[in-house]
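> How does the following fold in three dimensions:
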Amino acid sequence: MKATITTGASVLALAIAAPAVAQSISAIDQTGTGNSAAVTQSGSNASDVDQNGTGNSATVSQAGTDAISGIDQTGTANTATTTQTAIDALADVVQNGTDNRSTITQTDASALGTIGAVAEDPEAFVNQQGVNNQSTIAQSNVAGTFNLVAHVNQTGDDSVSDVLQAANGPGFTGTLQATVNQTNGAKSIIAQPATNPGAKNFVANVLQDDSISTVTQTANATTGSNNPAVSAVINQQGGSASNVTQTVNGAGGGDLFASVLQRNGATSTITQTANGLASVTQDAIVDQDGANRSTITQTFDQPASNRFTATVFQRGDDNSSSVTQADFSPGSAGSPDEMLSANVSQTGDGNLSNLTQLNKLATATITQSGNDNIVSALQNGAQLALTVDQTGAGNTSDSWQRGINNRSDVFQAGAGASSVISQNGRSSAIYVDQLFGSDGSNSQVTQTAMPMSVHTRNIARVTQSAAGNGSAITQGGYNGLATVTQSGPGNASAIDQVGTVSLPSGVSNTATVLQSGADNGSQVSQDGAFNTALLEQSGNDNLADVAQTGTGNLSDILQSGSMNTATVTQSSNNNVSNIQQLGTGGTITVTQGF
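Residues are numbered from 1 along each chain as shown. Purely as a prediction, here's the structure:
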């Protein structure tokens, strides 16, 4: 039972000392011209209306037990309407300005037996100052309500706040609480419907400056150990906008949590949906500064999804990040879907990151500290890992991973470099390093697994540290190893590997290209098993071509002069070729096998 209201300046200190006595207390104090107040009470109620100004209007209607309302208006043409059909409810409105409007409607009428304890109140507080402030709070439930609380504080220009908390009927609804604090040209709408059974504990906090925020939280999981606990925390400054939508639905529900902190001129949209038997814990955290944009969508559906996290950190200007994590495929009891995680950090300007992860145990870390870099990534499978780090300017990274246990690491520190990765298989790995000075270089790696095979383990390594280099690697079949290192400018390398023998471990075909001169070209083609090709060119304008088919072939080419050409063709098995050219303009052709 309430004794005092201290939330506003309405000086409502109405003591109701005697419990459960039928009494109504109303105190109205009006100063000015054209003020009107209408109070209707029944039960053990209390009301205080205090108006000082001209043309203010206050209407209070209370029914039930211990419904306490206080309205304090100072200024001109303010309107406050409070309607409470309640047991032990509370409403406080303080308005100081002109043409401010506040409407509070609270329906509780708690049936105490449903929760086995004395029900707490809906409670609503509104404090407005400035121009054109509006606040509408509607809090409802009949029977079983436990703590619906809304607090709105608006100071400044053109503020609008609409809070609707509806527990939607009988049963245990937990704690729905919304707090909005706004100033300047802000708008906030918070709606937290909680359809029973078992929905509880929604909290949304918004603090804004010249911003727009919309939070919608809906949960109706069944009772059990994993009932919903949904929370959204938003802190904005500058010309910001944030939209958070969180939906639970399902047996296990989920601890959905979204936190958005935006400073100057950012936009963030977070949508989290957990529909499933055991979906628990989705986290999305966005921290932005500047005219950044971030969109995070996390959707998971039955049966055993667990632990989904996306974190975006942007501190530069005009960056954009979109993270989508979705798990639509059901997992069995022995192999649950779980642990998708994404981490994006962009501290430069004009960077773009787009990531999509679809199924269990995928992790992605994207870091862009340069300017105007682009990352596009798709992962679909299990235990996939992606790391992209771009510190240069104007770099592009495209990574597509499908399958099981694939890994890709991309590091680009030059300017205008590009990396394209495509993996479709099992347990393959790609490492691309385009270092400082690799301006305008490009790397393409494609890995394809054998169908229904568990022994596909292709590995590709590309390192480029000079300008204008190009590398293309294609790996198919079993257990290929391709390594390309280009430290001179204008070099080009192409490797094509097809492994034909399934190995539980180890390496089948091996291709190694080392080019430290300028404008060299090399090509390696391997189709078979246990073939080895080593090409090393340290001069300029050299060409090397190796084609191997069969098993156990070896080719070694060393060219350190200029404008040399070496061509090796090996077919059948166990052929060996060694070539060294140290002069200028030499030509060697080797053909082995049948």
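> What about V248, how many residues nearby?
Residue neighbour count, defined by other CB atoms under 10 Å, stands at 31 for V248. For the C-beta atoms, the positions are set from N, CA and C on the backbone; glycine is no exception.
> Which residue is the nearest non-sequential neighbour of it?
A219 (3.7 Å; CB to CB, 6 or more residues apart in numbering).
> and if you look at A449?
Spatial nearest neighbour of A449, excluding adjacent residues (CB to CB, 6+ apart): G425 at 2.3 Å.
> For that neighbour, list the residues it contacts.
Applying CB atoms under 8 Å, 6 or more residues apart in numbering to G425 gives the contacts 403, 406, 447-450, 456, 458.
> Quick one: list the elements packing against the longest strand along the chain.
Secondary structure of the chain per DSSP state E: the longest strand is strand 57-76. Packing partners of strand 57-76 (3 or more CB pairs under 8 Å, 6 or more residues apart in numbering; DSSP states H and E): strand 36-40, strand 44-54, strand 79-87, strand 90-98.
> how about a cut-off of 10 Å?
Applying 3 or more CB pairs under 10 Å, 6 or more residues apart in numbering; DSSP states H and E, one finds that strand 57-76 contacts strand 24-33, strand 36-40, strand 44-54, strand 79-87, strand 90-98, strand 101-107, strand 124-131.
> before we move on, the earlier item: for the residue nearest to V248, report the pLDDT, please.
A219 is assigned a pLDDT of 80 by the prediction.
> And it, how far from N405?
Distance from A219 to N405, counting by CB to CB, to the nearest Å: 35 Å.
> all strands of the stretch 201-350 of the chain, in order?
Taking DSSP state E, counting those that start in this stretch, the strands of the stretch 201-350 of the chain run over residues 202-207, 212-218, 230-236, 241-247, 256-262, 267-275, 280-288, 293-301, 306-314, 320-327, 340-346.
> Oops, could you answer that again for the stretch 451-594 of the chain instead?
Secondary structure of the stretch 451-594 of the chain (DSSP E, counting those that start in this stretch): strands located at 459-464, 470-477, 481-486, 492-499, 510-515, 521-529, 532-537, 543-551, 554-559, 565-570, 576-581, 587-592.
> For the helix or strand harbouring D433, C-alpha coordinates in CSV please.
According to DSSP states H and E, D433 maps onto strand 429-434. Extracted as CSV, the C-alpha positions of strand 429-434 are listed here (Å, rounded to 0.1, in the frame of the first residue of the first chain):
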residue,chain,number,x,y,z
ALA,A,429,41.7,-24.3,-44.7
ILE,A,430,42.7,-21.1,-46.6
TYR,A,431,45.2,-18.5,-45.4
VAL,A,432,45.6,-15.3,-47.4
ASP,A,433,48.0,-12.6,-46.4
GLN,A,434,48.3,-9.6,-48.7
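> And that strand, what does it pack against?
Here strand 429-434 touches strand 385-390, strand 396-404, strand 407-412, strand 418-426, strand 442-448, strand 459-464, strand 470-477, strand 481-486, going by 3+ CB pairs under 10 Å, 6+ apart.
> can you list those strands in JSON lines and add distance to D108 and mean pLDDT?
Formatted as JSON lines, the helices and strands packed on strand 429-434 follow (distance: least, CB to CB, whole Å; pLDDT from 0 to 100):
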{"stretch": "strand 385-390", "distance to D108": "50", "mean pLDDT": "93"}
{"stretch": "strand 396-404", "distance to D108": "53", "mean pLDDT": "89"}
{"stretch": "strand 407-412", "distance to D108": "55", "mean pLDDT": "94"}
{"stretch": "strand 418-426", "distance to D108": "57", "mean pLDDT": "89"}
{"stretch": "strand 442-448", "distance to D108": "62", "mean pLDDT": "94"}
{"stretch": "strand 459-464", "distance to D108": "65", "mean pLDDT": "96"}
{"stretch": "strand 470-477", "distance to D108": "66", "mean pLDDT": "94"}
{"stretch": "strand 481-486", "distance to D108": "70", "mean pLDDT": "96"}
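> Please name whichever of the ones you listed is nearest to I374.
Smallest distance to I374 across the helices and strands packed on strand 429-434 (CB to CB): 4.7 Å, for strand 396-404.
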